[in-house]
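Engineer: any chance you can model this:
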Amino acid sequence: MATNLPQIAQLLNLTLDAKQHRKAEAELKILSEQPNYSLSLLTLVHDAAQPTQTRLAAALAFKNFIRHNWVNEDGSHKLAANEVDSIKKEIVGMMIEAPNQIQAQLGEAISTIADSDFWERWDTLTQDLVSRLSQTSFKQTNGVLEVAHSIFGRWRPLFSSNDLNREVLHVVGVFGDPFIQMLGIADQQIGANTSNEAELKGWLTTMSLLVKIFYDLSCQDLPPVIESNLQSITELLHKYLSYTNPIFDGEEDDPTPLENLKSDICEVLQLYTNKYDDDFNPFVQRFTQDVWNVLSSVGPEKRYDILTCQALKFLTAVASVTRHAQIFSDEATLGTIVEKVIIPNVSLRESDIEMFEDEPIEFIRHDLEGSDTDSRRRASTDFLQKLLGNFEMLVTQVVFKYINHFLEQGKSDWKAKDTAVYLFLAIAAKGAVTASHGVKTVNSYVNVVEFFTQHIAGDLVGGTSHPIAKVDAIKYLYNFRSQLDKAQWAAAMQPLIQNLGSDNYVVYTYAAIAVERVLYLTDDAGQHVFPRADIQPYAKDLLEHLFSLVEKDPSSAKLQENEFLMRCIMRVLIVLKEGAAECGINNILTHLNGITNVIKQNPSNPRFYYYHFEAIGALVRFCSSLPQVDLISRLWEPFALILTEDVSEFIPFVFQIFSLLLELNPTAQIPGDFRALLELVLTPTLWDTRGNAPPLSRFLAAIIPKAAQEIVAENKLEAILLIFQRLLSGKKTEQNAFDIIESVVSTFPAEVLEPFFTNVIGLVFDRVQKHPSDSHKLRVARFYHLVSAKPGLGTDFFIKHADAIQANVFTPFYLTIILPTTALFAKPVDRKLAVVSYTKTLCESQAFATRYAKGWGFTCTNLLDLLKNPPRVAAGLGDELLVENDVDDIGFGIGFTPLNTCKRGPRDDYPEITDIEKWVAQYLKEANQKTNGQIAQFVQTRVNPEAQQFLAPYLS
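Structural biologist: All right, here's what the predicted structure looks like:
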């Protein structure tokens with residue numbers, strides 16, 4: 001081995017230490033550049049003499065190394081061929097023998113490898129797996145099946161394609177018959193080991209994995225080997241849905257292998273009901289009865305939670321198919337469903353109350369509508385709402401009998417009232433409760449405002465209500481926030497804010513959640529329902545209280561635990577805009593900087609720190625020009641420490657905010673200490689980290705105009721262009737490359753660019769020849785127009801350097817890339833730039849006047865096409881209202897996470913031109929005069945009569 005195993009093991013252990021992990025990770029990164037580093041990690045994973053934590057850390061490091069280093073953007077292996085072959089040869093056997101925790105990490109690594117190599121570059125794998133299946137050892141077989149599932153499970157979310165179909169056919173051809181045989185073997189072993197706990201659990205796990213693979217093999221199409229054996233497979237599924245064994249009695253918290261198996265069966269039944277109804281139709285009714293029996297037999301213990309959710313999802317799938325839904329259509333059946341299934345699974349359990357009291361943040365994350373966590377309540381609600389969609393009036397009538405019953409009980413029992421409120425929430429909402437606007441469509445047979453007034457409002461304002469009753473009241477407002485008008489919200493807002501003062505964690509957090517979402521609400525015109533003027537009077541106290549809640553526990557982990565509080569702070573600052581200055585903006589910054597300094601020690605909650613930096617971004621966006629605060633000096637120290645200490649999670653956010661500060665700074669010089677950052681961003685290693693390229697390139701583009709003199713004086717332009725070259729070579733970073741080169745072209749005069757420009761154009765031409773995407777061609781065209789339109793450069797400057805690469809190479813580039821791509825420009829700023837470029841080409845280019853006579857005519861025609869719908873560019877940064885992605889769609893911690901508050905608007909390169917048609921006319925007339933009528937002569941001889949007629953007003 002080229003690397004030192006004891007050293008790697010020691011560093012891996014140090015990565016588990018919060019105080020030393022950054023240094024250890026940095027040293028491991030250096031070691032990872034040595035040959036066979038991945039094999040060293042696998043050696044540690046496989047070494048049973050190593051402590052479990054070391055082996056697990058090595059498996060995690062291996063998974064992450066493979067994720068980033070297996071293939072490049074073109075799909076070619078980045079590792080040496082012998083290292084690739086060794087990994088493929090060793091990893092399957094290692095995973096089969098590894099403990100469960102390590103198996104999970106190696107499984108993800110195998111899945112990553114399979115994404116690029118399976119099956120054509122790893123065509124022996126399937127047969128290798130089949131050869132390792134054992135009829136007598138469940139441990140051996142389960143390891144094989146875990147590997148198989150980690151590969152085949154990749155197919156589940158994918159859209160059908162020829163390549164995918166070929167891969168599935170390959171697997172089914174090799175794995176299909178052994179899979180059918182293993183179903184029978186596992187069944188026999190379970191039957192033979194009913195009293196042997198270890199063997200029984202092992203073979204039930206085998207059956208569970210086989211059912212998972214049954215799903216994998218069926219997720220794209222129904223394979224012939226499955227279709228021909230469907231009858232026998234369904235009999236096996238029936239058998240194990242009703243299977244019981246006293247060995248599993250007594251467990252309360254964790255699901256046993258039996259519950260896992262039944263859950264997997266319910267999941268595959270859902271797939272077949274949704275996807276293969278024609279083939280599966282004969283079996284649906286019997287399976288519906290089986291699953292009903294399962295739901296009727298399980299208790300409230302946590303071990304049954306996943307099974308209950310999957311069973312309810314299957315019933316939901318059945319209710320989604322019209323011909324099956326009728327089995328639920330009579331009142332008696334619906335009453336039984338509500339009483340026997342829905343109510344037991346929406347009622348609060350002791351375990352829920354314990355979580356509310358002991359793990360409040362987890363209670364909120366599980367309970368919050370729109371969260372990605374399965375729960376009995378959510379699965380029950382989905383089933384009930386599907387029934388509601390089929391039989392709205394009947395379901396409403398049936399459920400309201402129970403709602404009224406529990407409301408009556410609720411006068412003396414808050415738990416009963418909680419059930420009533422939840423049942424109402426379930427039937428009042430039609431469709432999903434969206435994260436952005438809550439319930440958008442309401443059941444026509446209920447009145448949500450009246451129900452709130454009569455039964456819930458008292459809990460919102462009452463001081464004696466149980467905390468869960470208060471949470472129910474707040475959650476009701478949160479869910480139905482789009483159904484209340486401004487007057488109703490005005491009445492509810494103050495009680496909501498008062499609940500922020502509760503001493504109960506869940507109550508004040510839910511209050512913050514509701515306040516934040518209400519402040520996000522907009523009317524039909526896109527304006528905030530609660531604009532700045534409405535919240536300004538109490539915003540200062542509100543912010544101070546929210547910060548006090550966040551800062552209750554100053555430890556890093558606890559401080560960043562509650563992302564909902566920070567999200568509320570962010571939203572208040574976004575709505576306040578410049579009004580933050582009236583709320584003690586320096587004090588707000590003191591809080592935000594203090595939080596930054598604490599959480600940078602060990603960032604552990606990506607959502608919290610995302611909202612945290614959005615809050616800082618809001619201050620920068622709206623308050624950077626205000627005299628009350630110097631944001632650059634206030635933010636410099638905490639942000640500089642992040643860069644010095646290499647807090648990699650925060651660096652992309654820091655550079656986004658620094659970029660916005662530069663872009664909004666009116667001076668032509670580098671402000672404050674930013675000069676030191678220029679040297680830093682030119683360091684190649686900083687660009688190695690995934691997610692750094694977009695913010696670093698934006699920052700570099702922003703600082704180049706302000707640092708132009710230093711860049712020239714210190715010969716830094718070449719280093720900048722090397723970064724451009726590096727980014728242009730990657731599909732994921734080519735857009736960032738154009739951000740930098742556009743800034744360079746806009747900033748420097750021809751004499752500075754002259755030594756480098758032939759090479760720049762050569763790089764652009766090289767990429768254009770490699771089947772570029774439409775988005776790439778758009779940026780190439782925009783780059784050309786920027787050069788063509790700029791005084792001192794121009795079309796002829798571009799042509800001269802193109803000729804230096806190859807004579808007449810400009811002609812096909814212009815005809816096949818620039819003209820057709822420019823016609824596709826959609827942004828007004830790009831269309832305006834193209835109009836300026838084309839106009840200057842017609843008026844000033846000697847090459848087009850003499851060498852490219854036809855090209856002059858084509859350019860004129862394309863200019864006129866743009867002027868038929870002249871671009872209108874709006875002034876300003878962009879919309880005052882920040883339109884954000886649904887928070888649950890953001891890939892936190894994955895690659896680059898853009899900050900909405902720092903979003904860059906389109907750049908107008910010629911803001912001084914306000915009336916583009918008038919400018920074109922004036923420019924053409926002046927050029928025609930200077931050239932003694934040459935422009936008019938070209939119009940007469942080089943363009944068609946229709947274009948001549950359209951152009952006449954511009955020359956007269």
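Engineer: immediately after the host helix or strand of Ile657, which helix or strand?
Structural biologist: Element membership for Ile657 (DSSP states H and E) is helix 651-664. Counting by DSSP H and E, the next helix or strand C-terminal to helix 651-664 is helix 675-681.
Engineer: how far off centre is the helix or strand just after that next one?
Structural biologist: Toward the C-terminal end, the helix or strand that comes next after helix 675-681 (DSSP H and E) is helix 693-703. Helix 693-703 sits 22 Å away from the centroid of its parent chain (Cα atoms, centre = their mean, to the nearest Å).
Engineer: for stretch 76-89, same thing?
Structural biologist: 31 Å.
Engineer: alpha carbons of that stretch, as CSV, please.
Structural biologist: The C-alpha trace of stretch 76-89 is given here as CSV (Å, rounded to 0.1, in the frame of the first residue of the first chain):
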residue,chain,number,x,y,z
SER,A,76,-14.3,7.8,-17.6
HIS,A,77,-12.7,6.4,-14.5
LYS,A,78,-10.6,8.8,-12.5
LEU,A,79,-8.7,6.1,-10.6
ALA,A,80,-6.1,3.9,-12.1
ALA,A,81,-7.4,0.8,-13.9
ASN,A,82,-5.7,-1.6,-11.4
GLU,A,83,-7.3,0.2,-8.5
VAL,A,84,-10.8,0.1,-10.2
ASP,A,85,-10.4,-3.6,-10.9
SER,A,86,-9.3,-4.3,-7.3
ILE,A,87,-12.3,-2.4,-5.8
LYS,A,88,-14.7,-4.4,-8.0
LYS,A,89,-13.1,-7.6,-7.1
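Engineer: contacting residues around that stretch?
Structural biologist: Taking contacts as Cβ atoms under 8 Å, 6 or more residues apart in numbering, the residues outside stretch 76-89 that touch it are 35-36, 38-39, 42, 66, 69-72, 113, 117, 122, 125. Where you see a C-beta, it was placed from the backbone N, CA and C, and this is true even at glycine.
Engineer: now swap in stretch 592-610 and tell me
Structural biologist: Around stretch 592-610, the neighbours that count as contacts under Cβ under 8 Å, 6+ apart are 18, 550-551, 554-557, 559-563, 566-567, 612, 615-616, 619, 634-635, 637-639, 641-642, 645, 647, 649-650, 653, 887, 890, 892-893, 897, 899.
Engineer: using PDB, write out every CA atom in that stretch.
Structural biologist: The C-alpha coordinates for stretch 592-610 follow below in PDB (Å, rounded to 0.1, in the frame of the first residue of the first chain):
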ATOM      1  CA  LEU A 592     -26.300  37.000  13.900                       C
ATOM      2  CA  ASN A 593     -22.600  37.300  14.200                       C
ATOM      3  CA  GLY A 594     -22.600  35.800  17.600                       C
ATOM      4  CA  ILE A 595     -24.600  32.800  16.300                       C
ATOM      5  CA  THR A 596     -22.200  32.500  13.400                       C
ATOM      6  CA  ASN A 597     -19.200  32.300  15.700                       C
ATOM      7  CA  VAL A 598     -20.900  29.600  17.800                       C
ATOM      8  CA  ILE A 599     -22.200  27.300  15.100                       C
ATOM      9  CA  LYS A 600     -19.100  27.400  12.900                       C
ATOM     10  CA  GLN A 601     -17.400  25.300  15.600                       C
ATOM     11  CA  ASN A 602     -19.400  22.300  14.500                       C
ATOM     12  CA  PRO A 603     -22.200  22.900  11.800                       C
ATOM     13  CA  SER A 604     -24.700  20.200  12.400                       C
ATOM     14  CA  ASN A 605     -28.100  21.500  11.100                       C
ATOM     15  CA  PRO A 606     -28.000  22.500   7.400                       C
ATOM     16  CA  ARG A 607     -31.500  24.000   7.500                       C
ATOM     17  CA  PHE A 608     -30.700  26.200  10.500                       C
ATOM     18  CA  TYR A 609     -27.500  27.700   9.000                       C
ATOM     19  CA  TYR A 610     -29.200  28.100   5.600                       C
END
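Engineer: average model confidence for stretch 901-912?
Structural biologist: In this model, stretch 901-912 carries a mean pLDDT of 93.
Engineer: same thing with stretch 604-623?
Structural biologist: Per-residue pLDDT values over stretch 604-623 give a mean of 97.
Engineer: next: stretch 796-804.
Structural biologist: In this model, stretch 796-804 carries a mean pLDDT of 97.
Engineer: can I get that stretch in CSV, CA atoms only?
Structural biologist: Coordinates of the C-alpha atoms in stretch 796-804 are reproduced here as CSV (Å, rounded to 0.1, in the frame of the first residue of the first chain):
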residue,chain,number,x,y,z
ASP,A,796,-13.1,43.0,-35.8
PHE,A,797,-11.2,42.4,-32.6
PHE,A,798,-13.0,39.1,-32.3
ILE,A,799,-12.4,38.2,-35.9
LYS,A,800,-8.7,39.1,-35.8
HIS,A,801,-8.1,36.6,-32.9
ALA,A,802,-10.3,34.0,-34.5
ASP,A,803,-8.2,34.2,-37.7
ALA,A,804,-5.1,33.8,-35.6
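Engineer: can you give the distance of that stretch from its chain's centre?
Structural biologist: 43 Å.
Engineer: longest helix anywhere in this protein?
Structural biologist: Longest helix in the chain by number of residues, with DSSP state H as the criterion: helix 162-192.
Engineer: mind listing what's buried in that helix?
Structural biologist: 167-169, 171-172, 174-176, 178-180, 182-183, 185-187, 189-190 (16 or more other Cβ atoms under 10 Å).
Engineer: immediately after it, which helix or strand?
Structural biologist: helix 197-218.
Engineer: same question for that next one, mean pLDDT?
Structural biologist: What helix 197-218 shows for mean pLDDT is 98.
Engineer: and that helix, which residues are buried?
Structural biologist: 200-218.
Engineer: then stretch 681-694?
Structural biologist: For stretch 681-694, burial by neighbour count (16+ other Cβ under 10 Å) applies to 681-682, 686-687, 691-694.
Engineer: what's the helix holding Ile657 packed up against?
Structural biologist: Helices and strands touching helix 651-664, by 3 or more Cβ pairs under 8 Å, 6 or more residues apart in numbering; DSSP states H and E, are helix 606-623, helix 631-644, helix 693-703.
Engineer: the shortest one packs against which elements?
Structural biologist: In this structure, helix 693-703 makes packing contacts with helix 651-664, helix 675-681, helix 717-728, helix 734-747, judged by 3+ Cβ pairs under 8 Å, 6+ apart.
Engineer: what sits up against stretch 535-554?
Structural biologist: 497, 500-501, 508, 512, 515, 519, 558-559, 562, 565-566, 568-569, 572-573, 575-576, 579-580, 582-584, 587-588, 591, 594-595, 598.
Engineer: let's see 6 Å
Structural biologist: With Cβ atoms under 6 Å, 6 or more residues apart in numbering as the test, stretch 535-554 has contacts from 500, 565, 568-569, 572, 576, 579, 583, 591.
Engineer: among those residues, which are in helices?
Structural biologist: Judged by DSSP H, helices contain the following of those: 565, 568-569, 572, 576, 591.
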